[in-house]
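[1] pasting the structure only:
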């Protein structure tokens, strides 16, 4: 219960530090400073702009999914019997949890466009690079891409071996950085919006009996072949 309270408290304080303080406290300054810095890099190197374009292409999202799938596959083949069923059941619960948390995020009374749509003179990677990519969003808060990475990391820390949890946590900044580098998201879309949602919602699922009970209900109903 102490972990549950601490995580929810941190998530709540993080959200309040952005939503309740006048002018969003220091966050707006950090947002703009970060965007101006990374946006300037786009104009300094065509190769860098191409790299940013590649890592923001929708197909590149498959790399993150492949990494998640690879972690789960290794854990699956290292497991025996009923543990394999529970691992698959965990994946189902994770997907359901991600859908619910993501929908909750979209219900938040916050709507703002990405920095490339609001900052005058912003460089657009779609205008610099010939590679099709994403560099804007009409409603970028919270960062749903980063949120799913955080949800996966939470489940990995709770149910998978330590190495898997560490790798999953490292994937969060690695795979969420391209959206910030392209200007499709503000810094706070990821590290306030997505992170505060994860800190508040995930513990209610993972640090209570809820996720274990859901897994216990789903696992016995899965095909016997998974336990072989």
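    Noted; the coordinates are in hand. Fair warning: this is a prediction, and the values are worked out from it, not measured in the lab.

[2] Centre-most residue in this protein?
    Closest to where the C-alpha atoms of the chain average out (CA atoms, centre = their mean) is residue 146, at 2.0 Å.

[3] Which helix or which strand is home to that one?
    Take DSSP states H and E as the rule and residue 146 turns out to sit in helix 144-159.

[4] and the angle from the helix or strand that comes right after that helix to helix 144-159?
    Counting by DSSP H and E, the next helix or strand C-terminal to helix 144-159 is helix 162-182. Counting by axes from the mean of the first three to the mean of the last three CA atoms, to 10 degrees, helix 162-182 lies at 170 degrees to helix 144-159.

[5] quick one: buried residues of helix 162-182?
    164-165, 167-169, 171-172, 175-182 (16 or more other CB atoms under 10 Å). For every residue, glycine as well, the C-beta is placed using N, CA and C.

[6] ok, and what's touching it?
    By CB atoms under 8 Å, 6 or more residues apart in numbering, the residues outside helix 162-182 that reach it are 34-35, 38, 41, 52-53, 55-56, 60, 63-64, 67-68, 71, 74-75, 116, 125, 133-135, 143, 145-146, 149-150, 152-153, 156-157, 160, 185-187, 189-190, 194.

[7] In helices, which of the residues you listed fall?
    Judged by DSSP state H, helices contain the following of the contacts of helix 162-182: 34-35, 38, 41, 52-53, 55-56, 63-64, 67-68, 71, 74-75, 116, 125, 145-146, 149-150, 152-153, 156-157, 187.

[8] Now, of the residues you listed, which are buried?
    Applying 16+ other CB under 10 Å to these flags 34-35, 38, 52-53, 55-56, 64, 67-68, 71, 75, 116, 125, 145-146, 149-150, 152-153, 156-157, 187 as buried.

[9] which residues touch the residue nearest to the centre of the chain?
    Neighbours of residue 146 in contact, by CB under 8 Å, 6+ apart: 172, 175-176, 179, 185, 189-190, 194-195.

[10] Recalculate using a threshold of 6 Å.
    176, 190, 194 (CB atoms under 6 Å, 6 or more residues apart in numbering).

[11] For the first one, give its distance to residue 185.
    Taking CB to CB, to the nearest Å as the measure, residue 176 falls 8 Å from residue 185.

[12] List the buried residues for the longest helix seen in the chain?
    Among the segments of the chain that qualify as a helix by DSSP H, the longest is helix 82-106. Residues of helix 82-106 classed as buried under the neighbour-count rule (16+ other CB under 10 Å) are 84-91, 93-94, 97-98, 101-102, 105.

[13] out of those residues, who's nearest residue 220?
    residue 85 (7.4 Å; CB to CB).
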